[in-house]
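*Asks:* no FASTA, just this:
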């Protein structure tokens, strides 16, 4: 059974930082890209960032490029999303996901999901 558990969400003022964690367990993730997505109230789930498990290959949504950084700690089976210079429009539930069948940027292609962690950015 694959489990992805996110943590690190919370309330932060605009301009602040948060680091989200996604702990993976249940199988070897060495071949799986790991993605971060977010969903704001009333909106569709959207791509934020993705990394190969090696951390060598990463992609970001244009809206977070230069502010967010995705990284991997292979020894801890954990993926991180460092979020800096946060904006109120970053407010959403953030999800990590693993093992896309197709596009690394498409939520529909991912097979495993965490439960999500809420990030609220106040103005």
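*Replies:* Perfect, I can see it now. Source: prediction; values computed, not measured. Residues are numbered from 1 along each chain as shown.
*Asks:* Could you find the closest non-adjacent residue to the residue nearest the centre of the chain?
*Replies:* With distances taken as CA atoms, centre = their mean, the residue of the chain nearest its centroid is residue 36 (2.4 Å). Nearest residue to residue 36 in three dimensions, chain neighbours excluded: residue 48, at 4.3 Å (CB to CB, 6 or more residues apart in numbering). Heads up, the C-betas are built off the backbone N, CA and C, glycines and all.
*Asks:* so what strands line up beside the host helix or strand of that neighbour?
*Replies:* According to DSSP states H and E, residue 48 maps onto strand 46-51. Note on strand 46-51: by DSSP bridges, its sheet partners are strand 34-39 (antiparallel), strand 58-60 (antiparallel).
*Asks:* Indicate which one of those strands is closest to residue 72.
*Replies:* Of all the strands paired with strand 46-51, it is strand 34-39 that lies closest to residue 72, at 7.0 Å by CB to CB.
*Asks:* What's the local residue count around residue 103?
*Replies:* Residue 103: 13 surrounding residues under other CB atoms under 10 Å.
*Asks:* and it, what does it touch?
*Replies:* residue 109 (CB atoms under 8 Å, 6 or more residues apart in numbering).
*Asks:* Next, it: secondary structure please.
*Replies:* coil (DSSP: H, G, I helix; E, B strand; the rest coil).
*Asks:* Need the pLDDT of it.
*Replies:* Looking at residue 103, its pLDDT is 91.
*Asks:* Phi first, then psi, for it.
*Replies:* Phi and psi for residue 103, reported as degrees, to the nearest 10, are phi -70, psi 130.
*Asks:* And the one 4 residues further on, by the same measure?
*Replies:* The phi and psi values for residue 107, taken as degrees, to the nearest 10, are phi -60, psi -30.
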